[in-house]
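Visitor: Below: sequence and its predicted model.
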Amino acid sequence: MQREFQFKASIIIPVLNEEKFIEECIESVASNTDDIEKMEIIVVDGGSEDNTVEIVKKISSKYKNLILLHNPKKITPISLNLAIKESSGEFIVRLDAHALYSKNYVNKCIQVLENSDENIGNVGGFIKTKPSQSSIFSKAVSLCLSSIFGVGISKFRISKPKKREFVDTVPFGCFRRSLFDEIGLFNEEEPRNEDLEFNHRILNSDKKIILDPDIHSTYFSRSTLYKLFFQQFDNGKIVTNKFRGKESFHKFRHFVPFLFFTYLLSIPFFSLIESFYNSEGNFIFFYLFPGFLYLILNVGFSFFIALKNKDILLFPIIIFVFFIIHLSYGLGSFFGIFRVEKKASLQEFLEETFPYKSTFAREEFGFFTNLVKFFSLRVAYFLYLFGLSANALTISSIFIASSSFYLLYTGITNDNINFAFLGYFLMCLVLFIDFVDGTLARFSEIKYKTGEALDNLPPDIIRVGSIFSFGVLSENIILILMSLVSSVIITRYIPETVENIKSKREWIKVFIGSRMSISGLRLISLFFMPSLIFVTFLFPSFKIFYSSFLAVMYFTFALTWLAFSLEDQEFKN
């Protein structure tokens, strides 16, 4: 039996201290929507301390279908769920008080859903970001929040789409009521994240999200430096504050400001290393290169935006605003790592992350691996107490891995043993972190958004960098190219083609494709790389010969695997 609805749609607007925008927002919806009398408007106040409630009550005398609800907990997803439970519309439209809506915004959303099958879960439009004041700073903020350099590849923010398309999220969406019965309400543990998380669940339920070019809203950006800084700080904090659920729904673009901030934070540290080891400025110049690149991009985008808007006075202000957006967002993500919550005991932590009573009970892994695991579990627990997430630890180790090879190369080529051993120490640290972050991820029940690619990236950098460095240190262009080819084959091709090798070639799996194989990180990091450092400083005349030997050896093994895997795959097919 088909359910009957009292209203065609329930338009939900959560508010908190929105006296400057709420009246104009409601009027833009009510006056721009055909058949508004067949819809209900539900405003949920989260404990406003200004005149928001009084303004809504005044407007309700004009629109009898306007309902005011109260949410003392102030959290947006709680307001949304409260309104959904109280609503009686066939469609649910989630709006924001800080925006205005185009002619028939609601009608067009509903029309798209009605003309689509059940696999469309959400419909929305693009945003035009406008300044909330007439000041030049407010205008600069609105322009930065509409730029790909300011907000990343966020399709609904940066431009009007040329045609209707499927996306991963839209603002101010419209949903069938049945969708909430199917996938649940908004996640009340995700304040400021509720839309991203809900859209993530929509996509995971094999439904799609539509961005329609005929649907748009006008969003008013923050008008002062103070408001902008803390808005972006809070937005950044929720990215790393707490990875709730079993899968991270954030994209890589959400973590870029965190990488930017940690890079800025690390510059003084590496400047100190530079002065301590007196490497004539080579290292700090190399390390400052990303900063120079950022400055070039910032200046370039800022100049283009100012030129496009025919206002050169905007140019320096936009440069500053871009920097504040990236800095405050990254700072928020950095602070979000150190969340405060009730912590498990060491015993509870070990029971959750390690299935054995003792790390040394795994006889098949050997004493050394079990010893490393023993210490990594304790370090993981220590980092857990400080609230450090697995994702943040992995991202940090990418920086460490990249730095380690510069230090190794500088140390070996310039006969600087301190740099060489510091680089090797950082390499070993990355491999140790690979033990630690997996434990943290298991305890938090996190799956990496990009699958295991993010988790495996730091050790892959070590593997590729080590094999490639053998060719580079040989100072022979042919060997450098051979090392590049073999590093790609060993890192990417071998893991994907292990099944190609027939059982009668088990020897090649053991020799090249197993944990203790020639391509394994244990042999590379614990034997070949330290032996290369040893030869460099004790027998410098043999450095090129030994690195050339390693480059040829890995190229030979890579081609051997390639030949056998292709032959056996052809036989199977």
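Guide: Structure received.

Visitor: Mind splitting this structure into its structural domains?
Guide: 7-223, 224-339, 345-572 (automatic domain parsing).

Visitor: What's the end-to-end length of the first one?
Guide: Taking Cα to Cα, to the nearest Å as the measure, domain 7-223 stretches 37 Å from start to finish.

Visitor: Who are the packing partners of the helix or strand harbouring residue 532?
Guide: Using DSSP states H and E, the element containing residue 532 is helix 529-538. If you count contacts as 3 or more Cβ pairs under 8 Å, 6 or more residues apart in numbering; DSSP states H and E, helix 529-538 packs onto helix 390-413, helix 417-444, helix 453-474, helix 543-572. C-beta: built from backbone N, CA, C; applies to glycine.

Visitor: Take those and write them to CSV, including mean pLDDT, mean neighbour count and distance to residue 13.
Guide: Below are these laid out as CSV (pLDDT from 0 to 100; neighbours: other Cβ atoms under 10 Å; distance: least, Cβ to Cβ, whole Å):
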stretch, mean pLDDT, mean neighbour count, distance to residue 13
helix 390-413, 84, 21, 33
helix 417-444, 84, 20, 34
helix 453-474, 83, 21, 37
helix 543-572, 83, 18, 59
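
Visitor: contacting residues around residue 371?
Guide: Residue 371 makes contacts with 359-360, as judged by Cβ atoms under 8 Å, 6 or more residues apart in numbering.

Visitor: Excluding covalently adjacent residues, which one is nearest to residue 220?
Guide: In space, and not counting its chain neighbours, residue 220 is closest to residue 132: 4.0 Å by Cβ to Cβ, 6 or more residues apart in numbering.

Visitor: still on that earlier bit, identify whichever of the helices and strands packed on helix 529-538 lies nearest to residue 210.
Guide: With Cβ to Cβ, the closest approach to residue 210 among the helices and strands packed on helix 529-538 belongs to helix 453-474: 28.4 Å.

Visitor: all strands for the stretch 201-350 of the chain, in order.
Guide: For the stretch 201-350 of the chain, applying DSSP state E, counting those that start in this stretch gives strands covering 208-221.

Visitor: circling back: could you dump the helices and strands packed on helix 529-538 into JSON lines with distance to residue 362 added?
Guide: Output for the helices and strands packed on helix 529-538, formatted as JSON lines (distance: least, Cβ to Cβ, whole Å):
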{"stretch": "helix 390-413", "distance to residue 362": "22"}
{"stretch": "helix 417-444", "distance to residue 362": "13"}
{"stretch": "helix 453-474", "distance to residue 362": "20"}
{"stretch": "helix 543-572", "distance to residue 362": "28"}
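
Visitor: hmm, back to that, and the residue nearest to residue 220, how far is that from residue 402?
Guide: Separation of residue 132 from residue 402 (Cβ to Cβ, to the nearest Å): 41 Å.

Visitor: Would you mind writing the CA trace of the helix holding residue 532 as PDB?
Guide: C-alpha atoms of helix 529-538 as PDB (Å, rounded to 0.1, in the frame of the first residue of the first chain):
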ATOM      1  CA  MET A 529      71.500  -0.100   1.600                       C
ATOM      2  CA  PRO A 530      73.700  -0.300   4.700                       C
ATOM      3  CA  SER A 531      76.300  -2.300   2.800                       C
ATOM      4  CA  LEU A 532      76.300   0.500   0.100                       C
ATOM      5  CA  ILE A 533      77.000   3.100   2.800                       C
ATOM      6  CA  PHE A 534      79.700   0.800   4.300                       C
ATOM      7  CA  VAL A 535      81.400   0.500   1.000                       C
ATOM      8  CA  THR A 536      81.100   4.200   0.200                       C
ATOM      9  CA  PHE A 537      83.000   5.400   3.300                       C
ATOM     10  CA  LEU A 538      85.400   2.500   3.800                       C
END
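
Visitor: angle of that helix against helix 543-572?
Guide: If you take axes from the mean of the first three to the mean of the last three Cα atoms, to 10 degrees, helix 529-538 sits at 160 degrees to helix 543-572.

Visitor: now the angle between helix 417-444 and helix 529-538, please.
Guide: Going by the same axes, to 10 degrees, helix 529-538 makes 170 degrees with helix 417-444.

Visitor: contact partners of helix 529-538?
Guide: By Cβ under 8 Å, 6+ apart, helix 529-538 touches 408, 411-412, 415, 417, 420-421, 424, 427, 466, 470, 473, 542-543, 546-547, 550.

Visitor: And it, what's buried?
Guide: Residues of helix 529-538 classed as buried: 529-530, 532-533, 535-536 (neighbour count, 16 or more other Cβ atoms under 10 Å).

Visitor: CSV for those, including distance to residue 145 and pLDDT?
Guide: CSV is the format used below for the buried residues of helix 529-538 (distance: Cβ to Cβ, whole Å; pLDDT from 0 to 100):
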residue, distance to residue 145, pLDDT
529, 46, 89
530, 50, 89
532, 50, 89
533, 49, 89
535, 55, 90
536, 51, 88
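
Visitor: Now that we have those, can you turn them into JSON lines and tack on distance to residue 324?
Guide: Output for the buried residues of helix 529-538, formatted as JSON lines (distance: Cβ to Cβ, whole Å):
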{"residue": "529", "distance to residue 324": "42"}
{"residue": "530", "distance to residue 324": "45"}
{"residue": "532", "distance to residue 324": "45"}
{"residue": "533", "distance to residue 324": "44"}
{"residue": "535", "distance to residue 324": "50"}
{"residue": "536", "distance to residue 324": "46"}
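
Visitor: Pick out whichever of those residues sits closest to residue 232.
Guide: Among the buried residues of helix 529-538, residue 529 lies closest to residue 232 (Cβ to Cβ), at 41.4 Å.

Visitor: What separation is there between the closest one and residue 424?
Guide: 6 Å.

Visitor: Between these two, which contacts overlap?
Guide: Common neighbours of residue 529 and residue 424 are listed as residue 408 (criterion: Cβ under 8 Å, 6+ apart).

Visitor: Can I get stretch 126-146 in CSV, CA atoms only?
Guide: Extracted in CSV, the C-alpha atoms of stretch 126-146 (Å, rounded to 0.1, in the frame of the first residue of the first chain):
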residue,chain,number,x,y,z
PHE,A,126,26.1,24.6,-7.7
ILE,A,127,27.0,27.5,-5.4
LYS,A,128,27.7,31.1,-6.2
THR,A,129,29.8,32.4,-3.3
LYS,A,130,29.1,36.1,-2.7
PRO,A,131,30.7,38.5,-0.1
SER,A,132,28.5,39.1,2.9
GLN,A,133,29.7,42.7,3.2
SER,A,134,30.9,45.3,0.7
SER,A,135,34.5,45.4,1.9
ILE,A,136,37.3,44.4,-0.3
PHE,A,137,38.4,41.7,2.1
SER,A,138,35.0,40.1,2.1
LYS,A,139,35.0,40.1,-1.7
ALA,A,140,38.5,38.5,-1.7
VAL,A,141,37.2,35.7,0.6
SER,A,142,34.3,35.0,-1.7
LEU,A,143,36.6,34.8,-4.7
CYS,A,144,39.1,32.5,-3.0
LEU,A,145,36.3,30.1,-1.9
SER,A,146,35.2,29.9,-5.5
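
Visitor: hmm, which helix or strand of this protein has the shakiest average pLDDT?
Guide: The helix or strand of the chain with the poorest confidence is helix 506-508; it has a mean of 71 (mean pLDDT, DSSP states H and E).

Visitor: need the next SSE after that helix, C-terminal direction.
Guide: The helix or strand immediately downstream of helix 506-508 is helix 521-523, counting by DSSP H and E.

Visitor: That following helix packs against which elements?
Guide: helix 453-474.

Visitor: and the helix it packs on, what does it pack onto?
Guide: Packing contacts for helix 453-474, counted by 3+ Cβ pairs under 8 Å, 6+ apart, involve helix 390-413, helix 417-444, helix 477-488, helix 521-523, helix 529-538, helix 543-572.

Visitor: How far off centre is it?
Guide: 23 Å (Cα atoms, centre = their mean, to the nearest Å).
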